[in-house]
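Student: build me a model:
(chains A, B, C and D)
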There are 2 protein chains.
Amino acid sequence: MVRFAVASSQARDRLLNAAVQHALDQGIVDLSLREIAAAIGTSHRMLIYHFGSREGLLVAVVREVERRERESLGTAPLSVADARRRWDHLADPSLRAQERLFFEIYAHALLGRPGTEGFLDEAVDGWITPVRALLIDAGIDEEDAEALARLGLAVTRGLLLDLLATGDTTGTTRAFTLFTQLLDLPSGHDLSQE
Amino acid sequence: MVRFAVASSQARDRLLNAAVQHALDQGIVDLSLREIAAAIGTSHRMLIYHFGSREGLLVAVVREVERRERESLGTAPLSVADARRRWDHLADPSLRAQERLFFEIYAHALLGRPGTEGFLDEAVDGWITPVRALLIDAGIDEEDAEALARLGLAVTRGLLLDLLATGDTTGTTRAFTLFTQLLDLPSGHDLSQE
DNA sequence: TGGTACACGTACCACGTGGTACATGGAGGA
DNA sequence: TCCTCCATGTACCACGTGGTACGTGTACCA
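Tutor: Residues are numbered from 1 along each chain as shown, chains lettered A, B, ... in the order given. This next block holds a predicted model:
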């Protein structure tokens, strides 16, 4: 009697890593099991065996991408200078594929597609909550802390969308720098008298 | 001899509007011609007839969404107060479906899928260019104008992603308000001494 | 009245899909 | 040595896919 090997195993981990790698290049939501299997050197039969179904594979990939996203973010930024360092990291070309996949899954999740349950909560609150806590620790008013955390996340994600579409590292980094300046030097500049 | 009626016609317009309406509810990227046809009360044969192919339909939908996106944006904001009014408009629940579809197509386009050619350029530059021009007219330094336009777009899109995921109109609006305050009142607040 | 062009339905096609049945090989333990 | 379990390959299935062939009703025009 053959049973689904949905639990972890070395073979499964190997396939998952290869599948994520392939998803980074090609996306995931509109690829077939056979396309993925062929690309990573196995048969679609093996993907079903190790992940139970196509949806099971998608869930596993989504979770892995989520895990890497958290890893990229690491701990929340503590200061404006820290935020700037974090942006420079995110803007690194080596992370583009991962970020593109993140937005693909995000859009997929917005449509309520199976396999993405919980992704959106984690993608937003999982970031805002710790940052807000840090800002409150830093003495910022509670309501402002939440708004600032949301704004920081929005700036980051919005500029990443821009960067992925245009590839314009210079321009997007300049915009991020402007944002940090607005935070850091809230007086004495002349950008906003329009 | 039957020819493809890919040019416009009343019947085609009717089907396109219905297809876009359905895409707003259900997404578009991973739906089949038959699903769409059944949902809008026609046959998949008619979609092929009027749009040439599935990709032709997708192109038509993408263009229509692009057009509506531009229409929602209207003219670029001229002032901070104007930007705030624009956000309130974008945050209106009646636009959620359209925005979700926009991000779905955006993600699709990031993967270079057929039917999305030119979408990204229009989605980013089509917004930044006019805003930058307006900011320069308003007397802002050219480099700062570009950065500010990018930043404004990023804040808008980033907060929309947040809003679509969380449905938290209050929180995202508060974050947008904070952004306008950073622009409008660049002195005298105490948010950024962390 | 006859022709013609459009809009549409039905029935079909080859193909790719997710998933299953079944056999097998190899490693490790009894 | 035999048994069991994991990993895998091959072959298959029913079904849904995009796309096509062909017929037809209707409206308009000569």
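
Student: list the buried residues of the one helix or strand A:Glu66 maps to.
Tutor: Take DSSP states H and E as the rule and A:Glu66 turns out to sit in helix A:54-73. By 16 or more other Cβ atoms under 10 Å in any protein chain shown, the buried positions in helix A:54-73 come out as A:54, A:56-66, A:68-69, A:73. Heads up, the C-betas are built off the backbone N, CA and C, glycines and all.

Student: which of these has the weakest pLDDT?
Tutor: Minimum pLDDT across the buried residues of helix A:54-73 is recorded for A:Leu73, with 68.

Student: picking up where we left off before, quick check, the helix or strand following the helix holding A:Glu66 touching chain B?
Tutor: Where DSSP H and E defines the elements, the next helix or strand beyond helix A:54-73 is helix A:80-90. Yes - residues of helix A:80-90 are located near chain B by Cβ under 8 Å from any Cβ of the partner chain, namely A:Val80.

Student: quick revisit: from the buried residues of helix A:54-73, which is closest to DNA strand C?
Tutor: Distances from DNA strand C to the buried residues of helix A:54-73, taken as Cβ to the nearest atom of the strand, are shortest for A:Arg54 (3.7 Å).

Student: pretty sure that closest one sits against A:Glu35.
Tutor: No - A:Arg54 is not in contact with A:Glu35 according to Cβ atoms under 8 Å; the separation is 11.3 Å.

Student: the residue in chain A positioned nearest to DNA strand C: how many residues sit nearby?
Tutor: Nearest to DNA strand C, among the residues of chain A, is A:Ser32, at 3.0 Å (Cβ to the nearest atom of the strand). Residues near A:Ser32, counting by other Cβ atoms under 10 Å in any protein chain shown, number 10.

Student: spell out which parts of chain A neighbour DNA strand C.
Tutor: Taking Cβ under 7 Å from any atom of the strand, the part of chain A that reaches DNA strand C is made up of A:Val2, A:Ser32, A:Leu33, A:Arg34, A:Glu35, A:His44, A:Arg45, A:Ile48, A:Ser53, A:Arg54, A:Glu55.

Student: can I get the residues you listed in JSON lines including distance to A:Ile128?
Tutor: Listed next are these as JSON lines, based on distance: Cβ to Cβ, whole Å:
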{"residue": "A:Val2", "distance to A:Ile128": "44"}
{"residue": "A:Ser32", "distance to A:Ile128": "36"}
{"residue": "A:Leu33", "distance to A:Ile128": "35"}
{"residue": "A:Arg34", "distance to A:Ile128": "39"}
{"residue": "A:Glu35", "distance to A:Ile128": "36"}
{"residue": "A:His44", "distance to A:Ile128": "39"}
{"residue": "A:Arg45", "distance to A:Ile128": "42"}
{"residue": "A:Ile48", "distance to A:Ile128": "37"}
{"residue": "A:Ser53", "distance to A:Ile128": "33"}
{"residue": "A:Arg54", "distance to A:Ile128": "32"}
{"residue": "A:Glu55", "distance to A:Ile128": "29"}
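
Student: now for these: which two are most distant?
Tutor: The most widely separated members of these, counting by Cβ to Cβ, are A:Val2 and A:Glu35 (24.3 Å).

Student: the two: which has the busier surroundings?
Tutor: A:Glu35 (13 against 5).

Student: check which helix or strand covers the more buried one.
Tutor: Per DSSP H and E, A:Glu35 falls inside helix A:33-39.

Student: could you do A:Ala18 as well?
Tutor: Going by DSSP H and E, A:Ala18 is part of helix A:10-26.

Student: in chain A, where is pLDDT below threshold?
Tutor: A:1-8, A:73-78, A:185-194 (pLDDT under 70).

Student: name the single longest helix found in it.
Tutor: helix A:142-166 (DSSP state H).

Student: tell me which residues are up against the helix or strand just after that one.
Tutor: Next helix or strand after helix A:142-166 toward the C-terminus (DSSP H and E): helix A:169-184. With contacts defined as Cβ atoms under 8 Å, 6 or more residues apart in numbering or on different chains, helix A:169-184 is touched by A:80, A:83-84, A:87-88, A:91, A:93, A:155-156, A:159-160, A:162-163, A:166, A:189, A:191, B:143-144, B:146-148, B:150-151, B:154, B:182-183, B:186, B:191-192.

Student: quick check on the residues you listed: which are buried?
Tutor: Judged by 16+ other Cβ under 10 Å, buried ones among these: A:80, A:83-84, A:87, A:91, A:155-156, A:159-160, A:162-163, A:166, A:191, B:144, B:146-148, B:150-151, B:154, B:182-183, B:186, B:191-192.

Student: A:Leu164 is in contact with A:Arg96, isn't it?
Tutor: Yes - distance between A:Leu164 and A:Arg96: 6.4 Å, which falls inside the contact criterion (Cβ under 8 Å).

Student: what about those two, which has more around it?
Tutor: More crowded of A:Leu164 and A:Arg96, by other Cβ under 10 Å: A:Leu164, with 21 against 17.

Student: how far away is the more buried one from DNA strand D?
Tutor: Distance, A:Leu164 to DNA strand D, by Cβ to the nearest atom of the strand, to the nearest Å: 27 Å.
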